[in-house]
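In: Return a 3D structure for these sequence lines:
(one chain, ligands or ions: 1)
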Amino acid sequence: MRKPILAGNWKMNGTNPELPRFFESLVQNLPANWSEDVEVIFALPYTLLQQANVLCKSSPITIASQNINQYESGAYTGEISAAMLKDIGVTTTLIGHSERRQYYAETDESVSEKVRVCLEQGIRPIACVGETKDERESGVTEDVVARQVTAILAGVKDLANLVIAYEPVWAIGTGLTASDEQANQVHSFIRDLVAKKFNDEQAQNLRILYGGSAKPANIDGLLKQEHIDGGLVGGASLKADDFSRMINAAVELYGR
Ligand code: PGA
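Out: Here you go, the predicted structure:
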């Protein structure tokens with residue numbers, strides 16, 4: 001069985017003084033052994049990573065960044081390398097989030113390169129894919145997702161340390177969510193693509209998260225889908241209460 005992941009993506013939100021109280025109230029609302037059934041990740045702004053890592057040291061919560069630069073070091077003002085993340089004990093990162101593709105000229109090529117660098121450096125990428133509203137409406141969702149997934153897999157030799165997140169761009173921060181079936185269909189399509197490049201068994205072990213207005217009210221239906229192995233959650237991860245409800249929903253569904 002694939003262990004589900006609930007990953008919060010704080011985007012450009014949050015300050016250090018808020019963190020202790022946030023994690024305290026999050027954990028307060030969780031059952032004692034929650035981490036046996038669900039993996040919890042927070043992708044935070046760079047400025048919060050160090051303190052969050054210290055605060056979560058004795059808990060199973062994983063702290064992640066939201067991006068890396070693909071180069072090792074040098075004249076890339078404002079950028080952060082994989083080695084710099086490892087330097088502060090961060091070993092998971094989002095890669096290729098649609099907001100980075102949309103606003104910061106992230107391309108399939110740079111995403112591919114970043115995924116390769118992460119895996120070489122022992123950093124686990126959560127690589128994001130997803131179609132825009134126009135693309136869905138013109139019936140090219142599978143073409144777009146196939147192109148993005150192919151770029152991600154190009155530099156991957158071993159799937160063990162990779163997570164993929166399917167985030168339809170039209171559902172991110174809009175309150176619109178893909179229906180459970182719509183999402184599951186694309187997840188299944190992604191798993192098939194992965195199976196073609198690797199094999200069935202490895203594809204079955206890959207975790208594919210859904211993102212796009214996931215919240216306490218809809219997480220249950222999404223998690224019940226065969227190919228949905230968790231969520232990448234923006235807005236609802238900023239509230240400890242909402243996010244702990246989502247974790248609890250996953251514990252209930254997956255708990256032994
Ligand atoms: P949202 O964001 O949950 O606020 O839609 C998801 C994401 O962009 O990762």
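In: who in the stretch 51-200 of the chain is up against the ligand?
Out: Glu167, Ile172, Gly173 (Cβ under 6 Å from any ligand atom). Quick note: C-beta positions are derived from backbone N, CA and C, even for glycine.
In: Quick check: PyMOL command selecting the buried ones in those.
Out: In PyMOL, a selection of the buried entries from these looks like this (16 or more other Cβ atoms under 10 Å):
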select buried, resi 167+172
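In: Same list, the residues of the stretch 51-200 of the chain next to the ligand, but as CSV with pLDDT please.
Out: CSV is the format used below for these (pLDDT from 0 to 100):
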residue, pLDDT
Glu167, 97
Ile172, 92
Gly173, 89
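In: Name the spans of the chain whose pLDDT lies under the cut-off.
Out: 256 (pLDDT under 70).
In: Return the nearest residue of it with respect to the ligand.
Out: Gly234 (2.3 Å; Cβ to the nearest ligand atom).
In: Give the burial count for that residue, as a bare number.
Out: Around Gly234 there are 23 other residues, counting by other Cβ atoms under 10 Å.
In: Report the spatially closest residue to it, excluding sequence-adjacent ones.
Out: Distances taken as Cβ to Cβ, 6 or more residues apart in numbering put Asn9 closest to Gly234, at 5.0 Å, once the chain neighbours are dropped.
In: Got the phi and psi for that neighbour?
Out: Backbone torsions of Asn9, given as degrees, to the nearest 10, read phi -120, psi 110.
In: was I right about it contacting Val233?
Out: Yes. At 6.6 Å, Asn9 and Val233 qualify as touching, with contact defined as Cβ atoms under 8 Å.
In: what residues are shared contacts of those two?
Out: Gly211 (Cβ atoms under 8 Å, 6 or more residues apart in numbering).
In: ok, the residue of the chain closest to the ligand - contacts?
Out: Applying Cβ under 8 Å, 6+ apart, the residues near Gly234 are Gly8, Asn9, Trp10, Lys11, Ile172, Gly173, Gly211.
In: what's the answer for Glu135, then?
Out: Glu135 is in contact with Thr141, Val144, counting by Cβ under 8 Å, 6+ apart.
In: One more: Asn218?
Out: By Cβ under 8 Å, 6+ apart, the residues touching Asn218 are Thr177.
In: Put together CSV for the contacts of Gly234, with secondary structure and distance to Ala154 on each row.
Out: Shown next, in CSV, are the contacts of Gly234 (DSSP: H, G, I helix; E, B strand; the rest coil; distance: Cβ to Cβ, whole Å):
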residue, secondary structure, distance to Ala154
Gly8, strand, 28
Asn9, strand, 24
Trp10, coil, 29
Lys11, coil, 27
Ile172, coil, 25
Gly173, coil, 29
Gly211, strand, 22
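In: Separate out the buried members of those.
Out: Burial by neighbour count, judged by 16+ other Cβ under 10 Å, picks out Gly8, Asn9, Trp10, Lys11, Ile172, Gly211 from these.
In: Nearest residue to the fifth one in space, please, no chain neighbours.
Out: What it means is Ile172. Ile172 sits nearest to Gly212 (Cβ to Cβ, 6+ apart), 4.9 Å away.
In: which parts of stretch 237-254 are buried?
Out: The neighbour-count check on stretch 237-254 (16+ other Cβ under 10 Å) flags 237-240, 242-251, 254 as buried.
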